[in-house]
Structure formats: C-alpha cells, structure tokens
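> Predicted structure and sequence below. I'll ask about it afterward.
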Amino acid sequence: MTEQFTGEAALVWAGQLSMYNAYMTGNREQSNANIADDVTLWDSEYGPMIFGLAGLDALRDSRPPAAPTTSVSSLDTEDPVITIFGDIALLRHILIVNYDDPARPSDWVRNTAVWKKNGDRWQVIHNHEDVFITPPDAA
C-alpha cells in the first residue's frame with residue numbers, strides 16, 4: 001500500500017522506500033546513504049544491538065548467500081505512520097517480506113525507525129524490527 005505524505009514526512013518515507021529498493025537490487029551504497037554512521041539497530045534475526053554503519057555492514061557480510069527457501073521475491077509495506085518532532089522523525093510501519101519459495105509464508109515485520117534531519121537530508125539513527133507470526137487481519 002502506498003501512502004501519501006507531504007513535506008518532511010514524504011522525505012522520510014521516500015528514504016525508507018529507497019532502502020527497501022536498495023535491498024531488492026543489492027545496492028548497499030544506496031541503502032547506506034540513508035543511514036547515519038553512528039546508527040543503532042535491533043535486527044529481527046540477530047540478538048545483540050548493532051552499533052554503527054560499520055557494525056551493520058559486518059553483520060550483512062557475515063550472512064550466508066540466499067538459498068532457494070530464503071530468497072526474497074518482494075517487499076511490501078503497510079500502515080506507515082510518521083510523526084515529525086523538529087529535526088527528529090518517528091516512522092512506524094509493517095514490512096511484509098515475500099519469498100521466492102511459494103511454500104514459505106511471508107514474514108510480517110513491525111518496524112520502528114528514528115530518523116534525524118542532517119542538513120537537508122534525513123537519516124536513520126535507530127531502527128528496531130521484530131517478526132510476528134500472524135498478519136493482523138488473520139487473527
């Protein structure tokens with residue numbers, strides 16, 4: 001679902017969508033342009049907090065290549081909510097990860113990201129994601 005945002009919220013949402021597009025195309029540089037060097041992250045598949053863009057890159061580099069059952073076919077988003085507090089933005093949304101393997105169900109991920117305006121651009125300074133089992137409308 002595409003939401004219509006205006007002003008600073010539109011810039012934040014565009015940055016988030018740019019990162020998802022970068023993931024799908026394997027463009028790490030495009031993704032990293034939206035992430036602050038000193039970011040902190042909670043990744044849904046990794047327990048400890050990740051510190052810094054270098055830490056995120058190290059985690060990415062440690063992951064095995066996608067197997068047929070883990071290869072992602074598409075990413076969808078739902079229910080984005082963006083609140084702007086001056087130079088800080090809070091973005092909450094659902095990310096749906098769809099897989100190439102038709103037998104594997106999609107992952108539904110709750111995502112909360114804190115963005116900070118840095119000059120004329122927004123960057124993620126903290127991100128927290130967790131996977132939940134049942135889509136909201138299936139409960």
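Received it, and whenever you're ready, just let me know what you need.
> which residues touch Leu41?
Neighbouring residues of Leu41 by CB atoms under 8 Å, 6 or more residues apart in numbering: Met49, Ile50, Gly55, Leu56, His126, Asn127, His128. Just so you know, the C-beta spots here come from the backbone N, C-alpha and C atoms, and that holds for glycine as well.
> again, only this time at 6 Å
Ile50, Asn127 (CB atoms under 6 Å, 6 or more residues apart in numbering).
> The strand or helix carrying it pairs with which strands, parallel or anti?
Leu41 belongs to strand 35-42 when elements are defined using DSSP states H and E. Strand 35-42 pairs in its sheet with strand 50-51 (antiparallel), strand 121-132 (parallel), by DSSP bridges.
> out of those strands, deepest packed?
Highest mean neighbour count among the strands paired with strand 35-42 (mean count of other CB atoms under 10 Å): strand 121-132, with a mean of 17.
> what about the residue lying closest to Ile82 once chain neighbours are set aside, which SS state?
Closest residue to Ile82 apart from its sequence neighbours, by CB to CB, 6 or more residues apart in numbering: Ala9 at 4.2 Å. Three-state assignment for Ala9 (DSSP: H, G, I helix; E, B strand; the rest coil): helix.
> now the strands paired with strand 35-42 as JSON lines including distance to Tyr99?
What follows is the strands paired with strand 35-42, written out as JSON lines (distance: least, CB to CB, whole Å):
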{"stretch": "strand 50-51", "distance to Tyr99": "24"}
{"stretch": "strand 121-132", "distance to Tyr99": "13"}
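> That concludes my questions; thank you for your assistance.
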